[in-house]
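In: Show me how the following folds:
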Amino acid sequence: MEYIRINKDNLAKEHICCAISNNDDIQVSAKKSWLKERLDEGLVFLKSTERGKCFIEYIPAEYAWVPIKADNYLYIDCLWVSGSFKGHGYSNDLLNACIEDGKKQKKLGLCILSSAKKRGFLADPKFLSHKGFEAADEADNGIQLWYLPFKKDAQKPAFKDCARKVRIKDKGIVVYYSHQCPFTAKYVPVIEKIAAEKGAAFKAIQFKDKKSAQNAPTPVTNYALFKDGVYITNEIQSDKKFLKLLGE
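Out: Numbers count the residues shown, from 1 in each chain. Below is the predicted model of the structure:
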């Protein structure tokens, strides 16, 4: 498998989204705009030459859009290998490239969000454990911060206090999101429209800069849905899933 690193010169023409083939899609344009602004901060997007089949996206943790304390770590936004491409070692290729890059930059290690059991849109804990990662911290909704130190005495990364107790005061449905995940550009407006049609209290809060994301009331900032102040899920809601949630 050959890999391509995204930069400002090839960003416009390269396919970068895991399940979207049309570069004119609002989801793609939103994601590419978000990526372009992060490249000067050291973000790396390494993808296969196959269209959107596998990629890794990581950034110096000081610039990550998550509420963590992880000075001198690299934070992995996403490691994705799709369907038929699984089982061929591509995840290892991508992760090893990240590890090599981190060591060249003299980082303390890598960190990434996961959980004790596999959850959608989060890294697989079995794979992380196999690669030497371990849980460094956990919020009260079960989201964990995993890390791979390059030295045994490396200080563990941790969640900021704002993200440890995952509660908010707002009633109704509240969705926090960013365009780090391309699917939010399509599906947040979808559920916002449904909520309006059903007369349900609804608020969508978009993180538009790293400062607000780094002080979020949730470990997951690309998509986090709350209902009456209680965290529900980080899985992006389709119309059917959201209608079911409203009916519960």
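In: Show me the residue at the heart of this protein, geometrically.
Out: Asp77 (4.5 Å; CA atoms, centre = their mean).
In: tell me which element it falls in.
Out: In the assignment (DSSP states H and E), Asp77 maps to strand 73-81.
In: Can you tell me what sits against that strand?
Out: Residues outside strand 73-81 that contact it (CB atoms under 8 Å, 6 or more residues apart in numbering): 18, 43, 53-61, 64-66, 68, 90-91, 94-95, 98, 101-102, 105, 107-112, 123, 147, 157, 180, 222. Every C-beta, even on glycine, is put in place using the N, C-alpha and C of the backbone.
In: Drop anything exposed from the residues you listed.
Out: Buried members of the contacts of strand 73-81, scored by 16 or more other CB atoms under 10 Å, are 18, 43, 53-61, 64-66, 68, 90-91, 94-95, 98, 101-102, 107-112, 123, 147, 157, 180, 222.
In: how distant is stretch 138-153 from the center of its chain?
Out: Computed by CA atoms, centre = their mean, to the nearest Å, the separation of stretch 138-153 from the middle of its chain amounts to 15 Å.
In: Repeat that for stretch 139-155.
Out: 16 Å.
In: Only the C-alpha atoms, please, for it, written as CSV.
Out: C-alpha atoms of stretch 139-155 as CSV (Å, rounded to 0.1, in the frame of the first residue of the first chain):
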residue,chain,number,x,y,z
ALA,A,139,-14.3,10.6,32.4
ASP,A,140,-17.4,9.5,34.3
ASN,A,141,-19.2,8.7,31.0
GLY,A,142,-16.7,5.9,30.2
ILE,A,143,-14.7,7.8,27.6
GLN,A,144,-11.0,7.1,28.2
LEU,A,145,-7.8,8.8,27.2
TRP,A,146,-5.3,6.1,26.1
TYR,A,147,-1.6,6.7,25.7
LEU,A,148,1.6,5.1,24.3
PRO,A,149,4.6,6.5,26.1
PHE,A,150,8.0,6.4,24.3
LYS,A,151,9.7,6.3,27.7
LYS,A,152,8.6,4.5,30.9
ASP,A,153,8.8,7.6,33.0
ALA,A,154,6.8,9.8,30.6
GLN,A,155,4.2,11.8,32.4
